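Undergrad: sequence below, structure please.
(one chain, ligands or ions: 1)
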Amino acid sequence: MLILAACIVTVFLILFMGMAALRSAQEREAREKAILAENNSGPAQWQKEGAPYIDVQLLTPNEYSRPQIALNEVKYIAIHYTANPGATAMDNRNYFENLAETHSTKVSSHFVVGIEGEVVQCIPTAEISYATNERNVDTLSIECCHMDETGDFEQATYASVVKLTAWLCTRFGLTEENVIRHYDVTGKNCPKYYVEHPEAWEQMKEDIAAQIQEDYILQENL
Ligand SMILES: [Zn+2]
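TA: Purely as a prediction, here's the structure:
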């Protein structure tokens with residue numbers, strides 16, 4: 001009988017502690033959302049301004065992927081491909097996160113756009129990422145997922161990266177002329193499909209330019 005009572009008490013204690021932990025996590029999340037809302041910022045506001053939905057999953061600060069070095073002025077937005085066919089945006093984000101443990105290399109990007117068009121943010125735009133070599137100091141980087149070795153983007157990925165890039169251009173006072181490929185900085189075959197098909201790259205820049213116009217109109221009417 002005594003053992004049974006002890007068991008019941010233990011179960012209740014575990015339940016209670018679990019609920020308290022859950023409640024404090026929920027409270028923290030609510031507080032963070034309130035701060036974002038107060039600053040007229042956050043994913044819902046960004047969408048009104050023309051951004052795709054952004055899942056903010058910031059990396060734990062660490063010297064291998066999120067060194068927390070200030071990015072004082074955004075001059076370029078660089079497009080990359082992950083060279084990792086079939087992997088999702090979160091897979092790539094988690095790879096960056098794990099570098100804090102593995103220390104195997106220094107690499108990361110501000111955003112990863114997934115095969116289904118999902119967008120994950122890994123690093124705040126006020127900090128540098130490790131993606132674009134000597135341009136890291138003044139460049140926001142976007143990694144794009146892809147299905148196969150050609151490196152061509154799925155339609156959903158393409159649509160999201162155009163929207164994301166246009167919104168960032170509008171935010172930082174840039175135009176499609178400030179949108180570059182990793183290739184334009186180092187000659188690396190990245191993003192592969194858009195290096196090997198220059199006409200597809202020109203088309204993407206035209207699509208970004210058209211979206212920038214739409215975003216300006218959207219934002220004027222907010
Ligand atoms: Zn690249």
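
Undergrad: tell me if residue 40 really is in a helix.
TA: No - under DSSP: H, G, I helix; E, B strand; the rest coil, residue 40 sits outside any helix and is assigned coil.

Undergrad: which stretches of the protein form strands?
TA: Here the chain has its strands, by DSSP state E, at 54-56, 76-81, 111-113, 119-121, 139-144, 179-181.

Undergrad: okay, the ones you listed, which one's buried deepest?
TA: Per residue and on average, the most neighbours among the strands of the chain fall to strand 111-113, with a mean of 30 (mean count of other Cβ atoms under 10 Å). Heads up, the C-betas are built off the backbone N, CA and C, glycines and all.

Undergrad: my guess is residue 214 contacts residue 50. True?
TA: Yes - judged on Cβ atoms under 8 Å, residue 214 makes contact with residue 50 at a distance of 6.5 Å.

Undergrad: shared neighbours of the two, anything?
TA: Jointly contacting residue 214 and residue 50 under the rule Cβ atoms under 8 Å, 6 or more residues apart in numbering are residue 166.

Undergrad: those two: who's more crowded?
TA: Neighbour totals were compared for residue 214 and residue 50, and residue 50 leads with 20 against 13 (other Cβ atoms under 10 Å).

Undergrad: any idea of the pLDDT on that one?
TA: Residue 50 is assigned 95 on the pLDDT scale.

Undergrad: once you drop chain neighbours, what's closest to it?
TA: Once flanking residues are discounted, residue 50 sits nearest to residue 215: 3.6 Å by Cβ to Cβ, 6 or more residues apart in numbering.

Undergrad: so which bits of the protein are right by the ion?
TA: When proximity is defined by Cβ under 5 Å from the ion, the chain lies next to the ion at 80, 182, 190.

Undergrad: let's see that with 6 Å instead.
TA: 80, 182, 188, 190 (Cβ under 6 Å from the ion).

Undergrad: low-confidence bits of this protein, can you list those?
TA: For the chain, the stretches flagged by pLDDT under 70 are 1-39.

Undergrad: so which residues of it form helices?
TA: For the chain, the helices defined by DSSP state H cover 2-38, 43-48, 89-102, 155-172, 182-186, 192-196, 198-220.

Undergrad: any buried residues in the second one, and which?
TA: This means helix 43-48. For helix 43-48, a neighbour-count test (16 or more other Cβ atoms under 10 Å) marks 43, 46 as buried.

Undergrad: then the fifth one?
TA: If you call a residue buried by 16+ other Cβ under 10 Å, then helix 182-186 has these buried ones: 182, 183, 184, 185.

Undergrad: tell me what that helix is packed against?
TA: With contacts taken as 3 or more Cβ pairs under 8 Å, 6 or more residues apart in numbering; DSSP states H and E, helix 182-186 sits against strand 76-81.

Undergrad: repeat that with 6 Å
TA: If you count contacts as 3 or more Cβ pairs under 6 Å, 6 or more residues apart in numbering; DSSP states H and E, helix 182-186 packs onto no helix or strand.

Undergrad: which residues touch that helix?
TA: 78, 80, 132, 133, 135, 188, 190, 195 (Cβ atoms under 6 Å, 6 or more residues apart in numbering).

Undergrad: kindly supply the PyMOL command isolating those of these that are buried.
TA: Buried members of the contacts of helix 182-186, defined by 16+ other Cβ under 10 Å, are picked up in PyMOL with:
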select buried, resi 78+80+132+135+188+190+195
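
Undergrad: looking at the contacts of helix 182-186, which is nearest residue 144?
TA: The closest of the contacts of helix 182-186 to residue 144 turns out to be residue 80 (Cβ to Cβ; 6.6 Å).
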